[in-house]
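**Q** The following block contains a protein sequence and its predicted model.
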Amino acid sequence: MNIEMERVLIVDDHSLVRDGMRSLLEISFPECEILEAGALTEAVDALSRGDEVDMVLLDLNIPDVTRFSGLTELRDHFPSVPVVMVSGQLDRITVREALAAGAAGFVPKSLKRNEIVEALRQVLEGEIYIPEFLGEEDDASREASLTLARIDTLTPQQTVVLRHLVNGKLNKQIAYELNVSMTTVKAHVSAILQKLHAYSRTHAVILANRAGFN
């Protein structure tokens with residue numbers, strides 16, 4: 001049984017694109033209430049008013065965001081709302097970065113209408129939609145790609161700390177090498193574990209090694 005969408009927010013600065021997506025949604029989800037925003041600020045305002053939605057369809061390139069800053073802001077302020085990136089730009093790096101930043105899916109605008117609907121249904125059912133060309137990679141390659149994308153979200157200092165972890169350094173050794181306090185090192189390690197979705201420093205090292213980080 002398909003889960004129906006009750007309310008969706010389309011965020012795109014091009015009215016023609018919003019009209020096209022609205023038309024698609026009206027046909028595929030006839031009971032769905034469709035909200036629209038032409039900028040991220042409008043989207044945040046709508047969600048802040050308490051307009052609960054089943055998902056947000058966010059264009060990658062809108063004037064008041066820089067790359068994934070819009071996705072990050074929505075995930076930070078409305079973590080329970082699935083955000084699906086919708087874009088005409090389609091390459092492995094962009095898709096991986098979007099997923100690593102917390103997107104519930106990446107839907108290319110070039111997909112056929114029925115494929116877009118199927119992608120949205122997958123997200124409604126709690127899955128993460130990945131374009132078919134990326135899904136052709138094996139599980140190990142996908143894990144490595146996702147880990148590298150997550151590593152790219154680390155700050156320069158966190159990246160240095162991760163490199164020390166991979167080299168087997170203890171916290172006190174890292175603190176000495178970087179001339180910082182143990183508290184600072186522990187804070188960096190905690191942030192690294194969170195960003196890499198690792199449950200321990202050993203797990204983080206394993207993920208980094210599998211991804212070929214050095």
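**A** Yep, that arrived. Numbers count the residues shown, from 1 in each chain.
**Q** ok, Ala119 - contacts?
**A** Val84, Gly105, Val107, Leu111, Tyr129 (C-beta atoms under 8 Å, 6 or more residues apart in numbering). The way it works is simple: take the backbone N, C-alpha and C, and place the C-beta from them, glycine included.
**Q** Any chance of the residues you listed in CSV with distance to Arg121 and pLDDT as columns?
**A** Listed next are the contacts of Ala119 as CSV, based on distance: C-beta to C-beta, whole Å; pLDDT from 0 to 100:
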residue, distance to Arg121, pLDDT
Val84, 12, 95
Gly105, 11, 89
Val107, 12, 91
Leu111, 13, 88
Tyr129, 9, 87
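**Q** quick check, nearest of those residues to Gln173?
**A** Using C-beta to C-beta, Gly105 comes nearest to Gln173 of the contacts of Ala119, at 41.3 Å.
**Q** Next, count neighbours for that closest one.
**A** Using other C-beta atoms under 10 Å, Gly105 has 23 other residues around it.
**Q** any idea how far the closest residue to it other than its chain neighbours is from Arg163?
**A** Computed as C-beta to C-beta, 6 or more residues apart in numbering, the closest residue to Gly105 that is not its neighbour in sequence is Tyr129, at 3.2 Å. Look at Tyr129 and Arg163: by C-beta to C-beta, to the nearest Å, they are 33 Å apart.
**Q** More neighbours: which of the two?
**A** Using other C-beta under 10 Å as the criterion, Tyr129 and Arg163 rank with Tyr129 on top: 22 against 14.
**Q** Do me a favour and get the end-to-end distance for stretch 81-101?
**A** 14 Å (C-alpha to C-alpha, to the nearest Å).
**Q** before we move on, the earlier item: looking at the contacts of Ala119, which are in strands?
**A** Members of the contacts of Ala119 lying in strands (criterion: DSSP state E): Val84, Gly105, Val107.
**Q** which of these lies closest to Asp91?
**A** Within these, proximity to Asp91 (C-beta to C-beta) peaks at Val107, which comes in at 14.4 Å.
**Q** Look at the closest one and say how many residues are nearby.
**A** By other C-beta under 10 Å, the residues close to Val107 number 21.
**Q** now swap in Pro131 and tell me
**A** Other residues close to Pro131 by other C-beta under 10 Å number 18.
**Q** pLDDT at it, what is it?
**A** On the pLDDT scale, Pro131 is placed at 80.
**Q** Kindly report the same for Glu136.
**A** pLDDT, Glu136: 50.
**Q** With the one 3 residues further on instead?
**A** Predicted confidence (pLDDT) at Asp139: the value is 63.
**Q** all helices of the chain, in order?
**A** With helices called from DSSP state H, the chain shows them at 15-28, 40-48, 69-77, 92-100, 113-124, 132-135, 139-151, 156-166, 171-178, 182-196, 201-210.
**Q** Remind me what the longest one packs against, helices and strands.
**A** When contacts are defined as 3 or more C-beta pairs under 8 Å, 6 or more residues apart in numbering; DSSP states H and E, helix 182-196 packs onto helix 139-151, helix 156-166, helix 171-178, helix 201-210.
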